[in-house]
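K.L.:
A structural model of the following input is requested.
(one chain, ligands or ions: 2)
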Amino acid sequence: MSEPTEGVRDRKESTGRRRFFHALASLGSGAVAGLVGAKIVQPEQAEAAEVPASLTESSGTLVLRMQQDLEQTIASGRTPSWLMVVDTRKCIGCDSCTVACRAENPTGPGGNFRRVIQLEQGAGPAAWAIFKPVNCLHCDNPPCARAVPAGMIWKRPDGIVEFDHAKLKGPYARAAAEACPVRLVQIDDGKTFTETTPAQQPYEIRSFVENGQVQTRKKGSNAMNGAARKCTFCSHLLDISVLPACVSTCVGGAMYFGDANNAGSLIREITQGRRTFRGHQNLGLTPRVIYFEEPVPEATHIDCSVCHY
Ligand code: SF4
Ligand code: SF4
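P.N.:
Ligands and ions are numbered 1, 2, ... in the order given. Model prediction:
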């Protein structure tokens, strides 16, 4: 496999996706079922394999179902086990999720809770690309927590990793950021996009909730200035039965989210019998963001190690 490069967005992506879907179309329905079915099957089994509706339904339908699952979990009162699943074959690299994340969780120009990596394959007219959205993995046994004194970073019973913004500053903030294998901890520099313009925009300094605390990034009142921050799975939304912003915004239907303990949920349906990879298991962590392996023609295997050490 050729060495992929990251962050180049001005070319080839549509070509890559088109080639992939053209390749799918040319395989015929039986083989396609084998490629995208509930489990990875051998070609001779492909005719019998079924394509789960959860992989072909529109993003809006998927979001509605996940929303219903979420409401069911919250109403049940039981402790959920949150899980995010990304199907990179459906990600079109639009970055709508990134924008939605920024809108929901004000961060300013110095940082971001998520990004969409572009992995280029091949070269010249034959080049194509895969898009891979990444955010905090909400690791079980998280390296960031091991890098700072006890009590600064913890896991909620539902699996979400939370930061104490008041304590995670200075060297502790840097230690947490450096320990994160996906480099998605940012240190809030207090800046806003519009602070040097004639009119600083209210949406940049509005109040918002992060890790259960009401915050503002208004200059002089930003208690998170200098603190380590990261994706929270939009826990403030989950607590009121609303999906994370990236999930409800994903136009490609590539983002799945739900309670892994909910037997009838979409998140359980799409992970049953599927090959997945979580990445970074050699570091002793178990992420709660998992990716389907990418059985794409011309790319025999792709995993996080192509862009992260
Ligand atoms: S992905 Fe990084 S910030 Fe998130 S829990 Fe794991 S080590 Fe911590
Ligand atoms: S919104 Fe969905 S399709 Fe667009 S970049 Fe994000 S994950 Fe991919």
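
K.L.:
Ignoring the adjacent residues along the chain, who's closest to residue 172?
P.N.:
For residue 172, ignoring the flanking residues on the chain, the nearest one in space by CB to CB, 6 or more residues apart in numbering is residue 148 at 4.8 Å. C-beta here means a position set from N, CA and C on the backbone, and glycine is covered the same way.

K.L.:
is it true that the one you found touches residue 177?
P.N.:
No - here residue 148 lies out of contact with residue 177, judged by CB atoms under 8 Å, at a distance of 10.3 Å.

K.L.:
can you pull the contacts of the closest residue in space to residue 179 that isn't next to it in sequence?
P.N.:
In this structure, residue 179 finds its nearest non-sequential neighbour in residue 147, 3.6 Å apart by CB to CB, 6+ apart. Contacts for residue 147 (CB atoms under 8 Å, 6 or more residues apart in numbering) come out as 175-176, 178-179.

K.L.:
If you rank those by neighbours, which is first?
P.N.:
Ranked by the number of neighbours (other CB atoms under 10 Å), the contacts of residue 147 place residue 176 first, at 26 neighbours.

K.L.:
can you give me the strands for the stretch 1-150 of the chain?
P.N.:
For the stretch 1-150 of the chain, the strands defined by DSSP state E, counting those that start in this stretch occupy 82-86, 114-121, 128-135.

K.L.:
In terms of secondary structure, what does the shortest one contact?
P.N.:
Translated: strand 82-86. strand 128-135, strand 255-259, helix 266-271, strand 289-292 (3 or more CB pairs under 8 Å, 6 or more residues apart in numbering; DSSP states H and E).

K.L.:
Figure out which of those is closest to ligand 2.
P.N.:
Ranking the helices and strands packed on strand 82-86 by proximity to ligand 2 (CB to the nearest ligand atom) places strand 128-135 first, at 4.2 Å.

K.L.:
can you pull the buried residues of stretch 223-232?
P.N.:
For stretch 223-232, a neighbour-count test (16 or more other CB atoms under 10 Å) marks 224-225, 227-232 as buried.

K.L.:
ditto for stretch 232-251
P.N.:
For stretch 232-251, a neighbour-count test (16+ other CB under 10 Å) marks 232-238, 242-250 as buried.

K.L.:
Phi, psi for the residue of the chain most remote from its centre please.
P.N.:
Most distant from the centre of the chain: residue 198, at 35.1 Å, with distances by CA atoms, centre = their mean. Backbone torsions of residue 198, given as degrees, to the nearest 10, read phi -60, psi -30.

K.L.:
what's the answer for residue 161, then?
P.N.:
Main-chain torsions, residue 161, degrees, to the nearest 10: phi -90, psi 120.

K.L.:
Okay, now the unreliable bits of the stretch 51-200 of the chain?
P.N.:
51-56 (pLDDT under 70).

K.L.:
Spell out which residues of it are next to ligand 1.
P.N.:
Taking CB under 6 Å from any ligand atom as the contact definition, the stretch 51-200 of the chain meets ligand 1 at 136-139, 142-144, 161, 180, 182, 185.

K.L.:
So which of those residues are in helices?
P.N.:
With helices defined by DSSP state H, the entries of these inside them are 143-144.

K.L.:
For residue 95, give its distance to residue 163.
P.N.:
Here the criterion is CB to CB, to the nearest Å. By it, residue 95 lies 25 Å from residue 163.

K.L.:
Skipping its backbone neighbours, what lies nearest residue 72 in space?
P.N.:
Closest residue in space to residue 72, ignoring its immediate chain neighbours: residue 262 at 6.8 Å, by CB to CB, 6+ apart.

K.L.:
Next up, the contacts around the one you found.
P.N.:
Applying CB under 8 Å, 6+ apart, we find residue 262 in contact with 69, 72-73, 80, 268.

K.L.:
In helices, which of those fall?
P.N.:
Among the contacts of residue 262, the members that lie in helices (by DSSP H) are 69, 72-73, 268.

K.L.:
near ligand 2, which residues of this structure show up?
P.N.:
So the chain meets ligand 2 at 91-97, 116, 131, 133, 249-252, 254-255 (CB under 6 Å from any ligand atom).

K.L.:
That's all I had, so thanks and see you.
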